[in-house]
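J.: Okay, structure incoming, though there's no sequence with it:
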């Protein structure tokens, strides 16, 4: 089928922090950039990031990026690639200063420098010097400030923005190079082929596979779905972060910054229980450690409330001025969603699905990697991935707080630089066979032509979310996961016969939700199969039938292919300039 | 709980109409208006609205709820009289159901050059800014561009092309007051005309509806003071 076509130097899918940092890099280089987003850019989920962006500026205490690197490797439970972690931590200060120069309204110290706060898992002197103060913040709205600043700079740089356009599928040329993407106007229903010498996926997370999540409704793993449908693998999909402090019953996040500013957790004995689980770091241990501790407390009968189903986060001992200047947003959230004023009483909290450590495998330039039949790693020509949808991997099995915003800007920028460099060398305007376009339209055509008597999208989605919540949550066991995989495979089959009752063109959000469910399904199955296969406990992946980390057999990345097959690739333990950090027992 | 919701699909409806819905909240719990309309959409796929973060920071789900502009995700059902009447934001073209065309709203925002301008080369580290200078941005930078304010403003209804409207005026102020921005004079000169900010009549609907508790009327008054100080 012939489609209207527009050509750009680069096409970026997703206008969160990573996508807009990449587009800015390219637009400032004078390149023609199309930035595609299914929501107006400032509605992207980066807007919800609260606590801050971690980088060794040393504005409060002495600091250096090697210490940040050590903490990130340890935090990842040694599954992070050390060359990429090194690059991210080394670049950290520079990218934060760049954001400041762009206008990001960081909070300030008395000496006029950027304000930094303590965050979980951050230490001085390779874990021996106590808590580090490394996370730069704009009150508790750092993501909002970052996202708006990047949008504003993209206005200045004249990036072409396709706002409220939904990306359907990647298109390959005759040589198998990624040549562009098919996009759908949500407002009018028209489809368009956006050609680009490079396509950068920056589609964010997919927390909506779980029933309780801090993630926005738009976090449906669209990039993961697109990559799998194009025949490429995804990596470490079993690694999902459950943030310790979601508001009980609602899931909205209360930033780790509340504990960074001096808040702590209590059980129903009024005990500061984290002292038992992490004698040194206490409430600022890594997120996986704190989440498990909370759930153990609840399971052993020390939960709070009439049903004993949550714990309490206490900050009412802090100076109200600190709360009003540093944590105003979470005060409003608590009052809105928990009916609790944290200046007066503690906030009821429980772990909530928060972040996808896995994703589309890339190198440190953001180039998407695939594996040949002989297990050789090769970049997919023309395709990049950055931000939460990518697995570089800098977070390994557990991400540290404040490293997400850093990941977005470091690798958004890196991919922009790499694409610009490649375009300087050669440009291809290759031939795209018509059948490739047709293939990329198959998914949309199916939803446009359902028989109207099948199951509803909303019903299948709810069953998927329940299965993931029950069978693939914080604690996992083989038998339960095997049952979960069977449930999901049945759901995948049922989804093939689901129907859409609304086939209109103008702002058909039902159709968008159907297309998104295809992606959620792909992410859920990849997660389930990868999780069942990993027979050890590492970082966020905690198995009751394999309680220990097993470096002999499992210090490797899981690679899931679209035919449900699993393969593995080694973790990079060779940093670029510094000595490697070999695996140690991980305590806080 | 009873709902009356504005419906309009330009492909099939010659004109808009109100449709009644009912939800049994004892069976399916819903706390916020967004929870309720998500449940209604599970029953009736054609009901259309924007939504994303569900916690009042992305600004997608601004709509008119019982006569007042608000975000559906942070408006508690328990505060509302029945039937709950949901309409699209007033004063803006309707695309479908509760979804309005915000193009003009965004254009006014862009007109203010809402990005930091500084003609000096940046230093190796951060530009310094005292906590007092930074505090001037509080109450301005938190805007989420939801549109509740501008769509509640009679001056913006009358002159949407020439009057910036409260949201864009707030952004103009955010950059004028930023100690790191050195385009202040150009920014002020842009606002001298009779409309851009001077069409504000201090009606203060914007302050009344802002879901983030911001005060665009005061921001506009601050720019006017600056213009008068500068002897314009």
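T.: Nice, I can see it. Keep in mind it's a predicted model, so treat the numbers as computed, not measured.

J.: How about the residue of chain B positioned farthest from its centre, nearest residue that isn't a chain neighbour?
T.: Centroid-distance maximum for chain B: residue B:124 at 36.4 Å, with Cα atoms, centre = their mean. Nearest residue to residue B:124, sequence neighbours excluded (Cβ to Cβ, 6 or more residues apart in numbering or on different chains): residue A:97, at 7.6 Å. Quick note: C-beta positions are derived from backbone N, CA and C, even for glycine.

J.: and that neighbour, that's in a helix?
T.: Yes. According to DSSP: H, G, I helix; E, B strand; the rest coil, the state of residue A:97 is that of a helix.

J.: where does residue A:312 land on pLDDT?
T.: Per-residue confidence at residue A:312 stands at 97 (pLDDT).

J.: ok, now residue B:27?
T.: Predicted confidence (pLDDT) for residue B:27: 81.

J.: Flag the shaky bits of the chain, pLDDT-wise.
T.: If you meant another chain, say so; for now it's chain A. A:1, A:428 (pLDDT under 70).

J.: switch to chain B, that's the one I care about
T.: Using pLDDT under 70, chain B drops low at B:231-232.

J.: what about the longest helix in it?
T.: Using DSSP state H, we find that the single longest helix of chain B is helix B:216-229.

J.: tell me the contacts of the most centrally placed residue in chain B?
T.: Nearest to the mean C-alpha position of chain B, by Cα atoms, centre = their mean, lies residue B:147 at 2.2 Å. Counting by Cβ atoms under 8 Å, 6 or more residues apart in numbering or on different chains, residue B:147 touches B:59, B:62, B:69, B:89, B:92, B:100, B:102, B:105, B:167.

J.: List, out of these, those positioned next to chain A.
T.: Intersecting these with the contacts of chain A gives B:59, B:102 (criterion: Cβ under 8 Å from any Cβ of the partner chain).

J.: export the contacts of residue B:147 to CSV and tack on neighbour count and distance to residue A:566?
T.: Listed next are those as CSV, based on neighbours: other Cβ atoms under 10 Å in any protein chain shown; distance: Cβ to Cβ, whole Å:
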residue, neighbour count, distance to residue A:566
B:59, 25, 41
B:62, 27, 45
B:69, 26, 51
B:89, 22, 49
B:92, 20, 50
B:100, 23, 47
B:102, 24, 45
B:105, 23, 48
B:167, 28, 50
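
J.: Out of the contacts of residue B:147, which is nearest to residue B:31?
T.: Taking Cβ to Cβ as the measure, residue B:62 is the one of those closest to residue B:31, at 18.5 Å.

J.: doesn't residue B:144 make contact with the closest one?
T.: No. Using Cβ atoms under 8 Å, residue B:62 is not in contact with residue B:144; the gap is 9.0 Å.

J.: can you tell me the helix or strand for the residue of chain B found nearest chain A?
T.: Here the residue of chain B nearest chain A is residue B:116; by Cβ to the nearest Cβ that distance is 2.9 Å. Per DSSP states H and E: residue B:116 is located in neither a helix nor a strand.

J.: Around it, how many other residues sit close by?
T.: Close neighbours of residue B:116, defined as other Cβ atoms under 10 Å in any protein chain shown, add up to 23.

J.: dump the residue contacts of the residue nearest to it when sequence neighbours are not counted.
T.: Excluding its sequence neighbours, the residue lying closest to residue B:116 (Cβ to Cβ, 6+ apart) is residue A:103, at 2.9 Å. Residue A:103 sits next to A:149, A:152, A:153, B:115, B:116, B:175, B:178, B:180, B:181 when contact means Cβ under 8 Å, 6+ apart.

J.: Go again with 7 Å.
T.: A:149, A:152, B:115, B:116, B:180 (Cβ atoms under 7 Å, 6 or more residues apart in numbering or on different chains).

J.: Can you say which of those are buried?
T.: A:149, A:152, B:115, B:116, B:180 (16 or more other Cβ atoms under 10 Å in any protein chain shown).

J.: For residue B:7, state which of those is nearest.
T.: Nearest member of these to residue B:7, counting by Cβ to Cβ, is residue A:152, at 35.7 Å.

J.: tell me the contacts of the closest one?
T.: A:103, B:114, B:115.

J.: Within range of chain A, give me the residues from chain B.
T.: B:9-11, B:42, B:45-46, B:48, B:51-60, B:74, B:95-96, B:99, B:110, B:114-116, B:122, B:125-131, B:134, B:137, B:141-142, B:145, B:180 (Cβ under 7 Å from any Cβ of the partner chain).

J.: Next, format the contacts of residue A:103 as JSON lines and append distance to residue A:43.
T.: Listed next are these as JSON lines, based on distance: Cβ to Cβ, whole Å:
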{"residue": "A:149", "distance to residue A:43": "15"}
{"residue": "A:152", "distance to residue A:43": "15"}
{"residue": "B:115", "distance to residue A:43": "19"}
{"residue": "B:116", "distance to residue A:43": "22"}
{"residue": "B:180", "distance to residue A:43": "26"}
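
J.: Report the two of those residues separated the most.
T.: Top of the distance list for the contacts of residue A:103 (Cβ to Cβ): A:152 and B:180, 13.4 Å.

J.: Residue A:388 in helix, strand or coil?
T.: helix.

J.: residue ranges for the strands of the stretch 151-300 of chain A, please.
T.: Ranges of strands in the stretch 151-300 of chain A, per DSSP state E, counting those that start in this stretch, are A:160-163, A:165-172, A:178-185, A:191-201, A:234-235, A:240-247, A:264-266.

J.: Same list, the ones you listed, but as a markdown table with mean neighbour count and distance to residue A:145 please.
T.: Below are the strands of the stretch 151-300 of chain A laid out as a markdown table (neighbours: other Cβ atoms under 10 Å in any protein chain shown; distance: least, Cβ to Cβ, whole Å):
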| stretch | mean neighbour count | distance to residue A:145 |
| --- | --- | --- |
| strand A:160-163 | 20 | 20 |
| strand A:165-172 | 23 | 26 |
| strand A:178-185 | 24 | 29 |
| strand A:191-201 | 25 | 23 |
| strand A:234-235 | 28 | 31 |
| strand A:240-247 | 27 | 20 |
| strand A:264-266 | 20 | 27 |
